[in-house]
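# below: sequence and its predicted model.
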Amino acid sequence: MTSNDKDFVFGRHSGLDFLRTQNADRINKVFLQHGIQENFANQVYALAKKKSLVVQTVPKNKLDRLVQGQNHQGLVLAISSFEYADLNALLDQFEKNDKDAFLLMLDSIEDPHNLGSILRSADATGVNAIIIPKRHATGLTSVVAKTSTGAIDYVPVARVNNLVQTTKLLKKRGYWIFGTDMKGTDYRRWNANGKTVLVIGNEGKGISHLLKEQMDQTLTLPMVGHVQSLNASVATGILLYQMMNSKNPLK
């Protein structure tokens, strides 16, 4: 069964079927009732492992709240109401069209409002696609869609298992990788021409250490005020407009 707002799939038959299908890429979280029968739990864990999904065991009352008291039979999948794009297919399409694509990679953005706002800025500045990780990050939820005010329908979002491996793939395909760091180059000197990826870090921790090692160059936003940080979506918007300016200079 699915909930009325289509953000959940629940019940043993429906949940296992969804885990087996191509649509499993839309799953944000797998919730399994604590103490559920071992045979059933093993089926869930085996299917989740194939899809690189983390299973979270929770009390029955949490599952009751998620589906508003409907019969979940110990399994609830939190899913995206929106389809994700296939990254390799996107890259092939860009190369076929001889396009110097600009990609935005988000390293574990957890606030759906931030992701929605970033989608709006990405659409406004001509970002060709956004890449997000499957774990420890918000997916395409109804909150994201609402905050994006329609941009979610125009900017493809690809979800990948490992951002470090993805950056290595992108480098092999000719992309330059830029990230944010307090000790980076002033963003106003950034030339974003060519096949480019901008990496934005987590709201609190920034870009993870292993991913930062993959950067070709880091950028910083100079600040003269007392608060030495910006909201992730605000910082992203500033950098995206610098990208647009460097790709489309005023004549």
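In hand now; what should we look at?

# shaky segments in the stretch 101-250 of the chain?
Filtered on pLDDT under 70, the stretch 101-250 of the chain yields the residue ranges 228.

# what do you get if the cut-off is 90, keeping everything else the same?
Applying pLDDT under 90 to the stretch 101-250 of the chain flags residues 108, 134-146, 149-150, 153, 181-183, 202-206, 222-231, 247-250.

# which residues of it fall in strands?
With DSSP state E, counting those that start in this stretch as the criterion, the stretch 101-250 of the chain has strands at 102-106, 129-133, 157-160, 176-186, 196-200, 217-220.

# and the helices in the protein, which stretches?
Using DSSP state H, the helices of the chain run over 12-20, 38-50, 60-66, 87-96, 112-125, 142-148, 163-172, 209-212, 232-247.

# pLDDT score assigned to Gln22?
Looking at Gln22, its pLDDT reads 63.

# thinking again about what came up before, quick one: which of the helices of the chain is nearest Ala192?
helix 232-247 (4.1 Å; Cβ to Cβ). C-betas here are computed from N, CA, C, even on glycine.

# straight-line length of stretch 16-33, end to end?
Terminal residues of stretch 16-33 are spaced 14 Å apart (Cα to Cα, to the nearest Å).

# what's the neighbour count on the residue nearest to Tyr187 when sequence neighbours are not counted?
In space, and not counting its chain neighbours, Tyr187 is closest to Leu219: 4.5 Å by Cβ to Cβ, 6 or more residues apart in numbering. As a burial measure, Leu219 scores 22 neighbours (other Cβ atoms under 10 Å).

# repeat that for Met244.
16.

# could you do Asp181 as well?
Neighbour count for Asp181, taken as other Cβ under 10 Å: 16.

# equivalent analysis for the one 10 residues further on, please.
Around Asn191 sit 13 other residues, with neighbours defined as other Cβ under 10 Å.

# check the one 5 residues further on too.
The local packing of Thr196 (other Cβ under 10 Å) involves 23 other residues.

# that one contacts Gly179, correct?
No. Judged on Cβ atoms under 8 Å, Thr196 makes no contact with Gly179 at a distance of 11.7 Å.

# look up phi and psi at the nearest residue to Ser229 once chain neighbours are set aside.
Residue nearest to Ser229 in three dimensions, not counting chain neighbours: Met223, with 7.9 Å by Cβ to Cβ, 6+ apart. Per-residue torsions, Met223: phi -130, psi 140 (degrees, to the nearest 10).

# measure Met223 to Asp186 for me?
11 Å (Cβ to Cβ, to the nearest Å).

# give me the nearest residue to Gly126, chain neighbours excluded.
Nearest residue to Gly126, sequence neighbours excluded (Cβ to Cβ, 6+ apart): Met244, at 6.2 Å.

# do Ala85 as well
Sequence neighbours aside, Pro156 is the residue nearest to Ala85 in space, at 3.8 Å (criterion: Cβ to Cβ, 6+ apart).

# cool, and Phe82?
Here the residue nearest Phe82, using Cβ to Cβ, 6+ apart, is Leu140, at 4.1 Å.
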